[in-house]
Each structure stands twice: as C-alpha cells, then as structure tokens.
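In: any chance you can model this:
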Amino acid sequence: HSFPTRRSSDLRPTFPARNQWSGDIQGTPRVNANAARQAARLPATDWLAPMLPQATPPQAQPHRVAVQARTTAGGAGLANADALRARMVQQLQRSGISDVRVLSALQAVPRHCFVDGALLDQAYKDTSLPIGLQQTISKPGVVARMVELLLACPAMQAQPVDARLGRVLEIGTGCGYQASVLGQVATEVYSIERLRGLHEKARSNLRPFRIANVHLILGDGMLGYPLGAPYAGIIAAAGGHAIPQAWIDQLAVGGRIVAPLVSGQGQVLVALDKTPQGLHQSVLEPVLFVPLKSGMA
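Out: Predicted coordinates:
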C-alpha cells in the first residue's frame with residue numbers, strides 16, 4: 001500500500017484515517033523520582049470529563065490485536081521477542097511504572113520493529129538507540145514515564161482506570177515507536193516530525209501495522225498542529241527554553257503537556273496542566289533530550 005505524505009498545512013485527516021506517520025523521543029532520565037511522580041498528580045476532579053473525547057477501554061481497540069499478531073509471527077526476525085518484551089515490561093514495573101495501560105501498551109508494541117537490524121539484540125534493553133540523522137529511539141523507561149505522566153492529567157482523574165486519553169499531539173515522531181505506544185492509550189494521535197527522513201522512516205515502520213488512530217504529519221512541531229486541536233495531551237521529544245505558546249493554545253482545559261525544558265546547564269522534565277484556574281507547572285527529574293528546533297529539514 002502507498003500512503004500520501006501529509007504536511008501540517010493539510011486539512012485534518014478523517015478518523016479513523018490511513019497511516020500518515022511520525023514519532024521519536026530521546027530522553028534519558030537520570031533518576032527514578034517516585035516522589036516527584038506523585039507530586040505531579042492533581043486531586044481527583046470531575047468537571048473536565050465532558051470537555052475531552054469519550055475514552056474507551058484499551059481492549060475495545062482492534063489495532064491492539066493486529067500489533068500483537070505481527071509480533072507473534074516474528075516481526076523483524078528477533079528470536080524470543082515476546083519473552084524479551086515481557087521481561088522489559090516487568091523491569092519497568094519494578095522501576096516504578098504502575099499504570100496498567102502503559103505497561104500493556106509497551107507489551108503490545110514490538111520495539112524491535114522500530115530498531116535497525118544491527119541493533120536488534122538491544123531492542124528490549126532500557127537504552128536509547130540511534131535511528132539516523134543524529135536522532136535516537138528513546139529508552140523504554142523514558143517512553144513509559146512520559147506516557148504515564150500524560151495519563152495522569154487532571155481530566156483523567158475522574159475516569160475509570162482503564163479509560164483512554166482523548167486526542168494527543170506528539171512533537172517529534174522519530175522512528176514512530178512512541179506514536180505507536182500512544183496509539184494504544186489514546187483515542188487519536190497526531191504525531192508531527194520536522195525531518196523528512198525520519199517522517200518517511202516512521203511511515204515505513206508503521207505502515208505494516210495499519211493503526212487507524214495514529215496520524216503522521218510532516219511539519220514544524222514548534223507550531224503544533226492546530227487542525228487537530230484541542231488536545232487532551234501534548235508530549236514533546238525535544239527540549240527548549242520554554243514551552244511554545246502554540247502548544248498551550250492548542251491544549252484543552254484539563255489537558256497536560258509533558259516536555260523537557262532547559263534548566264541551568266541541563267534539562268528537566270515538566271508537566272504543565274491547563275485548568276480553569278490557569279496553568280500549573282510541575283518540575284520533575286533531570287532528563288537529556290535533543291534541542292527543540294523550528295523549521296523543517
């Protein structure tokens with residue numbers, strides 16, 4: 001099958017849509033801050049649920065079965081991929097990841113299908129790996145941590161424990177791995193990538209899975225993707241000195257932005273919540289991401 005490349009200026013795709021793909025994260029957390037994780041969770045609220053797309057349980061989504069079917073068939077040729085992935089998920093759970101939706105998503109998505117052949121033996125280790133163009137696929141622990149933070153946004157506090165997040169925007173598609181993980185926990189995902197080479201790589205990686213609720217966009221992530229707004233969550237794979245106003249404008253009330261920010265000589269992970277009372281930012285652990293850039297290349 002052949003799918004057209006979508007630019008950020010295109011009309012918003014219909015849902016469900018054909019694959020249009022993008023997604024990458026390059027985080028390397030240096031501490032496991034369980035205390036910070038708890039501090040980032042706000043008290044339960046019920047006034048935001050009607051403002052976001054209706055959540056549906058993960059098991060109701062047909063693409064989860066399709067992803068696992070390819071894994072069982074051998075995926076990219078890694079022996080014992082299912083067992084290795086299960087062990088990775090168990091290690092993440094022991095490290096502090098507790099949201100069953102996140103653990104289930106990482107178990108469902110075959111990371112080895114997003115890794116270059118020469119690095120297959122490292123696909124299920126908690127490490128970042130090069131994907132070309134001086135970018136990396138993030139550590140599974142980083143992906144899990146950031147997605148778990150996204151699911152802890154204010155609007156989700158009153159939802160069932162197996163509820164899906166609404167519409168999500170991912171800044172930086174990379175090889176498409178995190179976009180696929182997000183597709184397991186959100187009703188709809190828009191993933192935007194500024195590097196054409198990575199956008200095409202993600203399209204190629206994701207095409208066999210035919211995940212209907214993930215849309216890949218070629219465009220400037222600094223501008224967000226207004227045609228898909230408002231978003232229940234926005235997650236960024238690159239760190240700047242401030243969160244762009246465009247992202248805040250495109251975030252729904254009750255939603256959360258999870259992104260790295262430059263702080264002093266390094267970066268820190270932040271969770272920015274948009275509430276009826278205004279913006280609330282929680283500063284979490286140190287991280288290491290590529291710089292946030294504007295424009296396309």
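In: SS state for residue 246?
Out: Secondary structure assignment for residue 246 (DSSP: H, G, I helix; E, B strand; the rest coil): helix.
In: mind listing what's buried along the longest helix belonging to the chain?
Out: Taking DSSP state H as the criterion, the chain has its longest helix at helix 81-95. Neighbour-count burial for helix 81-95, with 16 or more other Cβ atoms under 10 Å as criterion, is recorded at 81, 84-85, 88-89, 92-93. Every residue, glycine included, has its C-beta placed from N, CA and C.
In: which one of those residues is nearest residue 222?
Out: residue 92 (30.5 Å; Cβ to Cβ).
In: pLDDT below threshold where in the stretch 51-200 of the chain?
Out: The model of the stretch 51-200 of the chain has pLDDT under 70 over residues 51-77.
In: please repeat the previous calculation with a cut-off of 50.
Out: Counting by pLDDT under 50, the ranges of the stretch 51-200 of the chain that qualify are 51-66, 68-75.
In: can you pull out the strands in this protein?
Out: In the chain, the segments counted as strands under DSSP state E are 129-132, 135-137, 165-171, 186-193, 214-218, 231-236, 238-239, 251-263, 266-275, 278-287, 290-291.
In: paired strands for the second one, with orientation please.
Out: Within its sheet, strand 135-137 is paired with strand 129-132 (antiparallel), according to DSSP bridges.
In: in the strand it pairs with, what's buried?
Out: In strand 129-132, counting by 16+ other Cβ under 10 Å, buried: 129, 131.
In: what do you get for stretch 143-160?
Out: Using 16+ other Cβ under 10 Å as the test for burial, stretch 143-160 gives 143-157, 159.
In: can you check stretch 194-207 too?
Out: Using 16+ other Cβ under 10 Å as the test for burial, stretch 194-207 gives 194-195, 198-203, 205-207.
In: check stretch 279-297 too.
Out: For stretch 279-297, by 16+ other Cβ under 10 Å, it's 282, 284-287, 289-290, 292.
In: start to end distance for that stretch?
Out: One end of stretch 279-297 to the other measures 33 Å (Cα to Cα, to the nearest Å).
In: repeat that for stretch 91-101.
Out: Terminal-residue distance, stretch 91-101 (Cα to Cα): 16 Å.
In: so how far is that stretch from its chain's centroid?
Out: Offset of stretch 91-101 from its chain centre (Cα atoms, centre = their mean, to the nearest Å): 16 Å.
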